[in-house]
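[1] predicted structure and sequence below. I'll ask about it afterward.
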Amino acid sequence: MGKNGSRGRGSRGKKWNRKRKAEEGAEKEGKDRSNAGGYVDGKDYSSAQTSNPKFEAYYQLVGLHDTRYEHGKFVACATDEEKHAERELFMSTLRATLPASFRVDRSLDPTIQKTILEELQEFVGKEMELEIELPRRSEVVGGKKTVIDQGVAKEEDNKEQTTDKVANNDGEATFVKRTIAPAKPIPFISHNKITLGFQLSVDRRTLRRNQSLEPLHTFLKIHTDCGHITRQETVSMIPPVVLNAEEGMSVLDMCAAPGSKTCQLLEVVGGFTCKTEFEPHGYVVANDADAKRAYMLVNQLKRMNSPSVYVTSCNGQYFPILDDKSVRGTENEGMFDRVLCDVPCSGDGTVRKNPGIWKHWNQLGSLALHPLQLSIALRGARLTHVGGFMVYSTCSMNPMENESVVAELLRITDGSLVLEDPRERMEGLIARPGWSTWRVLREGKNRTRKAMKDWQNKNNEKMRFKRKQWEAKKAKGECPEPQERSTDENSEEEQEKFTPSPYDTMPYVPPATWDEGALTERTTSLGFVEYQKYDDVEDEWRRRVRASCFPPTEEEAKRFELHKCLRSLPQDMDTGGFFVALFKKVKPLSKDATARMNAMARESRGGVETDANLKKEAEDENEQSDKEGDGDGDAVISDSPPAGENNNDDVSSEPEPVKKAPTGKVGQHKHRADLGTEDFIPSDPSIWPGISEQYGLPPTFPKEQFMVRSTGDAKVIYFITKSIKEELIDRGIQNRVTVINSGLKGFERCSIQEKTAKYRVNQEAIQYVVPYMTKRLVTADMDDFTACIKDGFLELDTFSEPFQKSVEELEPGSFVIALKGYEKDVAKKMYLSMWRRPNKCINCFVAKVEMEALISKIRAIAKEQGNETKDNVAAPIG
């Protein structure tokens with residue numbers, strides 16, 4: 001803080017003054033803006049970089065363009081012309097903006113789902129003529145191409161295209177009319193033979209800003225907020241479909257944020273297996289290492305209004321193993337039916353929506369992530385039930401993060417995991433086979449972004465002038481001799497000296513020939529070093545370039561069947577890049593695999609033991625394996641001593657304290673104080689007599705499933721499903737991880753003090769309370785129910801006489817309205833949390849977003865019954 005209470009470095013201690021600020025603003029208006037990505041003298045804004053010589057040269061050498069998709073199958077590119085055409089298609093797709101895509105919730109009531117799909121076809125089921133703003137520039141460097149540069153718009157005649165191109169470079173906004181194709185269905189996103197996924201012909205920016213698309217944008221926004229529709233990238237939808245979860249299953253999402261895949265899984269497992277159930281049996285544990293991202297995940301999941309999710313925060317490679325010691329190493333090993341490992345990655349497959357990757361891409365990042373990805377996948381394999389499935393996925397195209405991790409995972413588990421091919425059950429999916437061999441390269445230290453920037457700073461015009469001055473003074477003997485450096489430093493400096501590459505141009509110029517020697521010469525010039533085998537790796541690079549990075553032997557390649565992996569490239573379906581591998585766990589992990597898992601987890605934290613239970617887990621695993629004769633020590637040779645190895649003969653009789661698994665990076669700041677991480681504990685028994693009396697709850701009401709956070713203040717009582725309580729909370733998961741959120745708000749302490757109102761029924765979990773209520777429950781017909789879905793005070797004399805009489809009989813306070821005919825239909829949730837006031841008024845305690853959802857449900861029900869939708873139902877809540 002500066003003087004006089006001013007803030008910021010720019011204030012320089014001056015007190016804020018309106019007159020001075022006005023003068024400074026007027027002064028700035030008279031100046032040209034600097035060209036730091038800005039605008040000067042009517043010229044175009046400098047455009048975003050959409051090229052990277054290292055990126056392009058690397059993927060050319062490793063063979064990304066050696067195969068093309070033609071006539072429904074993949075064929076090898078035999079000539080240089082075919083490889084060049086495939087490269088051009090790949091690069092042009094990457095430079096185009098990413099089409100928007102979304103899916104309809106498969107767990108919706110069929111009536112509501114059908115209505116949404118019919119309304120959706122009115123917007124996206126036919127061609128549309130739009131007025132689209134042309135991009136300022138669409139060259140290799142700069143200006144992301146928009147919809148007209150993609151193959152989704154119909155081509156006009158050559159004359160109009162030429163006019164558009166000329167107008168595109170004048171620096172002013174130019175609009176042209178285009179006929180846009182209808183939305184493209186995504187066949188593998190379906191349920192009961194009904195397609196639920198769609199890919200639009202426009203990007204998100206055009207959808208948001210184009211006036212002609214405003215009705216569609218409003219429709220999507222309303223249903224997204226209600227949870228009926230989820231906007232999600234097409235390839236991001238693939239892993240949950242590959243995982244093939246079913247209703248009633250337990251699923252772990254190890255790296256869940258931001259949550260679109262978690263929502264997709266929750267739609268499946270969080271449903272009701274039969275109509276007589278009052279709560280779902282399946283659940284999803286959504287974990288993320290970053291607590292802040294986990295809270296973003298909670299906001300995403302709120303749209304789903306499902307209690308079948310348990311959000312935690314811990315490093316994925318440390319997620320606790322809660323199964324009993326007696327089942328470890330047996331056919332009953334594991335905690336979850338399905339596990340999704342969508343691991344952290346370099347993300348070069350997302351370059352279409354994250355253009356900053358063009359500038360920052362480097363191969364060292366992929367090599368650094370490789371051991372972390374392998375460690376998380378190993379933990380996921382251990383947590384999977386025998387007979388269950390695990391999916392490993394990344395949004396990267398690099399084999400260092402994909403096939404090399406899969407191959408090492410199969411090598412370590414030694415037959416416990418096998419690859420499965422899901423292509424047969426995924427209609428319309430275009431996915432290339434996984435690679436069985438690849439090339440291993442690294443970048444030198446002299447080619448990192450920092451090294452290149454330092455070289456540019458040292459060789460700019462100013463520094464060259466100063467160097468010339470210094471050399472002139474040195475020649476005259478006016479400068480002291482520089483201090484001598486050690487031999488090691490000199491040799492290292494000479495070895496890592498930066499030399500510009502003639503291929504490091506912007507835009508990158510592709511090779512004239514695809515001869516292997518020419519491609520290798522390019523990558524070498526750009527600073528890459530290639531290794532044929534692990535023995536060739538220098539000692540100082542072996543922690544980065546590991547043995548697991550190298551391709552399998554011929555015998556291993558036949559056994560691993562890496563071709564079953566799915567590689568999705570951008571040009572195949574006009575999407576981003578993605579990699580998916582499906583594993584089936586056929587037997588428990590061996591003692592050696594478990595030891596390697598714990599060793600890699602410890603190494604990922606810098607070799608520091610942060611979890612006291614990690615060692616205990618390893619000891620338990622080893623003890624159980626020894627009893628059953630599992631593990632002969634030949635499967636895996638670990639780079640470090642196995643976790644659980646204890647050289648001390650004396651063992652303390654006192655048990656070590658239980659510690660929670662670590663979150664985030666080593667040395668990272670702890671959670672913010674304003675983010676709640678309290679455990680869920682049983683509610684105070686003294687509050688239930690009043691609640692039970694108020695709402696007429698019977699003795700069968702599951703009070704044990706209504707829990708509070710351990711803050712000492714029972715303001716909110718949460719409904720927790722029986723499965724989550726018994727399989728997670730009661731087994732001590734809260735002692736091992738940081739709990740972020742779970743369940744739904746069932747009761748909330750009233751802010752309005754009335755004699756009968758200590759706790760009111762909350763709309764979030766109202767469907768799990770109403771089936772047990774015998775008091776303060778009012779049934780309403782469609783007209784009265786619809787009239788209640790409004791903000792503000794609602795006069796009772798505006799309702800029908802029977803409804804008015806039923807409400808007047810109630811004492812002031814909280815009560816619930818149920819739509820007639822749907823009193824016991826928990827899945828549809830046609831209930832309203834209301835408040836009865838003394839002055840013959842009522843209030844609807846329902847959020848605006850859920851009001852929109854209820855209106856959609858009523859519209860669907862009315863349409864099914866053949867009734868015309870009323871005006872007050874059809875209009876959005878204002």
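    Received the coordinates, thanks. Numbers count the residues shown, from 1 in each chain.

[2] number of residues surrounding Pro187?
    12 (other CB atoms under 10 Å). No exception for glycine: its C-beta is placed from N, CA and C like everyone else's.

[3] got the phi and psi for it?
    phi -60, psi -30 (degrees, to the nearest 10).

[4] contacting residues around it?
    The neighbourhood of Pro187, defined by CB atoms under 8 Å, 6 or more residues apart in numbering, consists of 195, 427-429.

[5] what helices or strands is the longest helix seen in the chain leaning on?
    With DSSP state H setting the assignment, residue counts place helix 363-383 as the longest helix in the chain. Here helix 363-383 touches strand 336-342, strand 384-394, helix 403-413, strand 440-443, helix 591-604, going by 3 or more CB pairs under 8 Å, 6 or more residues apart in numbering; DSSP states H and E.

[6] could you give the angle of that helix to strand 336-342?
    Helix 363-383 and strand 336-342 meet at an angle of 180 degrees, taking axes from the mean of the first three to the mean of the last three CA atoms, to 10 degrees as the criterion.

[7] what's the angle from helix 363-383 to helix 403-413?
    Here helix 363-383 runs at an angle of 40 degrees relative to helix 403-413 (the same axes, to 10 degrees).

[8] what average pLDDT does helix 363-383 get?
    Per-residue pLDDT values across helix 363-383 average out to 95.

[9] run the chain-centre distance for it.
    On the basis of CA atoms, centre = their mean, to the nearest Å, the separation between the geometric centre of helix 363-383 and that of its chain is 17 Å.

[10] correct me if wrong: Ala257 contacts Asn299.
    No - because the distance of 10.4 Å does not satisfy CB atoms under 8 Å, Ala257 is recorded as not touching Asn299.

[11] looking at the two now, which is surrounded by more residues?
    In this view Ala257 and Asn299 are compared by other CB under 10 Å, and Ala257 has more residues nearby, 25 against 11.

[12] buried residues, stretch 508-516. List them.
    Of all the residues in stretch 508-516, those buried under the rule 16 or more other CB atoms under 10 Å are 508, 510-511, 514.

[13] filter the residues you listed down to just the ones in helices.
    Among the buried residues of stretch 508-516, the subset assigned to helices under DSSP H is empty.

[14] closest to Ala181 among those residues?
    Taking CB to CB as the measure, Pro510 is the one of those closest to Ala181, at 30.3 Å.

[15] the closest one: what's it in contact with?
    With CB under 8 Å, 6+ apart as the criterion, the residues that contact Pro510 are 56, 60, 84, 87.

[16] now do Gln264
    Contact analysis of Gln264 by CB under 8 Å, 6+ apart lists 103, 230, 232, 237, 240-241.

[17] could I get those as a markdown table with secondary structure, distance to Asn287 and pLDDT?
    What follows is those, written out as a markdown table (DSSP: H, G, I helix; E, B strand; the rest coil; distance: CB to CB, whole Å; pLDDT from 0 to 100):
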| residue | secondary structure | distance to Asn287 | pLDDT |
| --- | --- | --- | --- |
| Arg103 | strand | 23 | 96 |
| Thr230 | strand | 20 | 94 |
| Gln232 | coil | 19 | 95 |
| Met237 | helix | 20 | 97 |
| Pro240 | helix | 16 | 97 |
| Val241 | helix | 21 | 97 |
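
[18] redo the residues you listed as TSV? Include neighbour count and distance to Glu764.
    Compiled in TSV, those are given as follows (neighbours: other CB atoms under 10 Å; distance: CB to CB, whole Å):
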residue	neighbour count	distance to Glu764
Arg103	23	24
Thr230	24	19
Gln232	21	24
Met237	24	27
Pro240	27	24
Val241	21	29
